[in-house]
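Novice: Here's a sequence, model it:
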Amino acid sequence: MSWALISIIGRGRKDEGKEVYQRVDYHFPSGCKKRSSLFFSAVLSSGEYPISSAVLLGTKTSSWGALVEGDAETDDDVEELYFRIEEATEEGGGIGTELLSQLEKYLSWKYSRSVFCAITEHMPSLHNDHYLESIDMYTQVISKITEKKILFDITHGYRSMPFITAAALRFEGAFAKEYDVKYIYGELPEGRVRDLSSLVQYQNITRSVHLFFGRYDGTDLADHAAPNWPGFAKAIRKFSHLMQANFYPHIAEWCRQCGNIAKDKPAGLPFWLERIYMRFVQELHDPLEKHQMLWGKIAVLSTYYFRAHMYGQAIIALHTAVEYYVLEHACCNEQSYDMLKEAYNSFMDDLFAKDPERVKKLHRLRNIRNSIAHGGSPDANGREPQAENLKSQYESFLTTFSQLTGVTYDHILHSF
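Specialist: Numbers count the residues shown, from 1 in each chain. Model prediction:
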């Protein structure tokens, strides 16, 4: 698959006492060596990467002339273009649209691929108030790229430009496509070519951590963990599937299986994976493991949903915890629906004689749970649930459940 090259051009340095830009011998991993004053030119002429198009980002006064300086020594037409660019960037107000268009045409011809040059204006004093405006400009340029694989050269340019470009890539990727980005850097003055792509992998791991602990989607995180620790990856996937499917009663079996993870923990794990495992244990596993009864574990799961702002699922899980609590205290081991319903109603009848208000709240929980499960339909009393009220309703129902069971969950609800 072909790549798009994104490169940044800044204010180049000229050799001391000379009018030419400082040139460096760039050494590529394959053994290829290219001499150039801009890493961009060295990359395209090296043939090291299957690049189908290129984007150059710079300001009006960037050293655009360095792109044609070498050819200007042997070609009169290119020499004229070079001096016009130099005059505009050194003495005038910067390169204009006409000159930039001529430069694009020449570079596209020279490298036999589409080359797009873009001016990204920077404010005289670039600070927080201006960065969003800058990202908008960069994003508009990046939106023109059709390739999914990006080779990002961060060698030249103002220090802020690679950061702004990276932010624009992530933003545009959220709307159009997920880019596969490889970061490269031509080290000066030695000319060693560095591949910094592991930084992207770390960013992807970070994103997968947020997805797992924030929304319980562990698909990507499990993929990152699997090469180093297959058992842990399996536990992440199972927990994700359980939470996504609302299979709350399966949590007890999951906890039992997690008991074997620490025993199979490989030696010499990466630091990032150790950190993720510690959070997994402290934030997800341990609060569940502290509750021996299934109803307690399911109630904990409901607080996890609440923390993720998934209030409908939190209410459904909490009502399931109530059912399992009632069935345990009714000593009902029957699995048929009719027997379970009879045991549940009998328990509620007995509780009503002692505490009618609590039973009314539990019935209200059941009604709202049923409305949620049926797409927000009216409950048995004809009342339609209001999505904006689910958060406060869950908190009220959890308090009622805590009073019923004598177990508090606030420390889980508002932690982490």
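Novice: nearest residue to Ser52 other than its sequence neighbours?
Specialist: Ser2 (3.6 Å; C-beta to C-beta, 6 or more residues apart in numbering). Bear in mind the C-beta positions are built from the backbone N, C-alpha and C, glycine included.
Novice: Contacts only, for the one you found.
Specialist: Neighbour list for Ser2: 50-53, 147, 149 [criterion: C-beta atoms under 8 Å, 6 or more residues apart in numbering].
Novice: what about burial for those, which qualify?
Specialist: Listed as buried from the contacts of Ser2 are 51, 53, 147, 149; burial here means 16 or more other C-beta atoms under 10 Å.
Novice: Among those residues, which lie within strands?
Specialist: Those of the buried ones among the contacts of Ser2 mapping onto strands are 51, 53, 149, per DSSP state E.
Novice: so what's the last one bridging to?
Specialist: Yep, that's Lys149 we're talking about. Beta-bridge partners recorded for Lys149 (DSSP bridges): Trp3, Asp180.
Novice: Could I get the contacting residues of it?
Specialist: Counting by C-beta under 8 Å, 6+ apart, Lys149 has contacts 1-4, 179-182.
Novice: CSV for the residues you listed, including pLDDT?
Specialist: Below are the contacts of Lys149 laid out as CSV (pLDDT from 0 to 100):
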residue, pLDDT
Met1, 77
Ser2, 91
Trp3, 95
Ala4, 97
Tyr179, 86
Asp180, 89
Val181, 91
Lys182, 93
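Novice: quick one: which of these has the most company?
Specialist: Within the contacts of Lys149, Ala4 tops the neighbour count with 23 neighbours, counted by other C-beta atoms under 10 Å.
Novice: per-residue confidence for the nearest residue to that residue once chain neighbours are set aside?
Specialist: In this structure, Ala4 finds its nearest non-sequential neighbour in Glu147, 4.0 Å apart by C-beta to C-beta, 6+ apart. Looking at Glu147, its pLDDT is 92.
Novice: quick one: Glu147 and Ser46, what's the gap?
Specialist: 18 Å (C-beta to C-beta, to the nearest Å).
Novice: follow-up on the earlier one: which among the buried ones among the contacts of Ser2 gets closest to Leu81?
Specialist: Nearest to Leu81 among the buried ones among the contacts of Ser2: Ser53, at 21.5 Å, using C-beta to C-beta.
Novice: And the strands in the stretch 1-150 of the chain?
Specialist: Counting by DSSP state E, counting those that start in this stretch, the stretch 1-150 of the chain has strands at residues 3-8, 24-27, 33-36, 51-58, 114-119, 149-153.
Novice: Low-confidence stretches in the stretch 51-200 of the chain?
Specialist: Counting by pLDDT under 70, the ranges of the stretch 51-200 of the chain that qualify are 121-131, 176-177.
Novice: so what does the host helix or strand of Arg237 touch, helix or strand wise?
Specialist: Assigned by DSSP states H and E, Arg237 belongs to helix 230-245. In this structure, helix 230-245 makes packing contacts with helix 219-225, helix 251-258, helix 294-307, judged by 3 or more C-beta pairs under 8 Å, 6 or more residues apart in numbering; DSSP states H and E.
Novice: Make JSON lines from those helices and add mean pLDDT, mean neighbour count and distance to Asp76 to it.
Specialist: Formatted as JSON lines, these follow (pLDDT from 0 to 100; neighbours: other C-beta atoms under 10 Å; distance: least, C-beta to C-beta, whole Å):
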{"stretch": "helix 219-225", "mean pLDDT": "97", "mean neighbour count": "20", "distance to Asp76": "56"}
{"stretch": "helix 251-258", "mean pLDDT": "94", "mean neighbour count": "16", "distance to Asp76": "74"}
{"stretch": "helix 294-307", "mean pLDDT": "96", "mean neighbour count": "23", "distance to Asp76": "70"}
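Novice: closest to Lys360 out of these?
Specialist: Per C-beta to C-beta, nearest to Lys360 of the helices and strands packed on helix 230-245: helix 294-307, 20.0 Å.
Novice: The helix or strand just after the closest one - contacts with which helices or strands?
Specialist: Next along the chain after helix 294-307, taking DSSP H and E as the criterion, comes helix 311-329. Contacts defined by 3+ C-beta pairs under 8 Å, 6+ apart place helix 311-329 against helix 294-307, helix 337-354, helix 356-373, helix 390-405.
Novice: which helices and strands does the third one pack with?
Specialist: Contacts of helix 356-373 with other secondary structure elements, assessed using 3+ C-beta pairs under 8 Å, 6+ apart, are made with helix 311-329, helix 337-354, helix 390-405.
Novice: Could you do the last one as well?
Specialist: Under the contact criterion of 3+ C-beta pairs under 8 Å, 6+ apart, the helices and strands touching helix 390-405 comprise helix 294-307, helix 311-329, helix 356-373.
Novice: what's the angle from the shortest one to helix 390-405?
Specialist: Between the axes of helix 294-307 and helix 390-405, defined by axes from the mean of the first three to the mean of the last three C-alpha atoms, to 10 degrees, the angle is 160 degrees.
Novice: Quick one: residues in contact with helix 294-307.
Specialist: Outside helix 294-307, the residues that reach it (C-beta under 8 Å, 6+ apart) are 216, 243, 248-249, 251-252, 255, 284, 287-288, 291, 311, 313-315, 317-318, 320-325, 328, 391, 394-395, 398, 401, 405, 407, 409, 412-413, 416.
Novice: Among those residues, name the buried ones.
Specialist: 216, 243, 248, 251-252, 255, 284, 287-288, 291, 311, 313-315, 317-318, 320-325, 394, 398, 401, 405, 407, 409, 412-413.
Novice: Would you mind measuring from the residue nearest to Val407 when sequence neighbours are not counted to Ala88?
Specialist: Once flanking residues are discounted, Val407 sits nearest to Gly296: 6.3 Å by C-beta to C-beta, 6+ apart. Using C-beta to C-beta, one gets 73 Å for the distance from Gly296 to Ala88.
Novice: Rebuild the ones in strands among the buried ones among the contacts of Ser2 as CSV, extending it with distance to Val209.
Specialist: Shown next, in CSV, are these (distance: C-beta to C-beta, whole Å):
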residue, distance to Val209
Ile51, 32
Ser53, 33
Lys149, 24
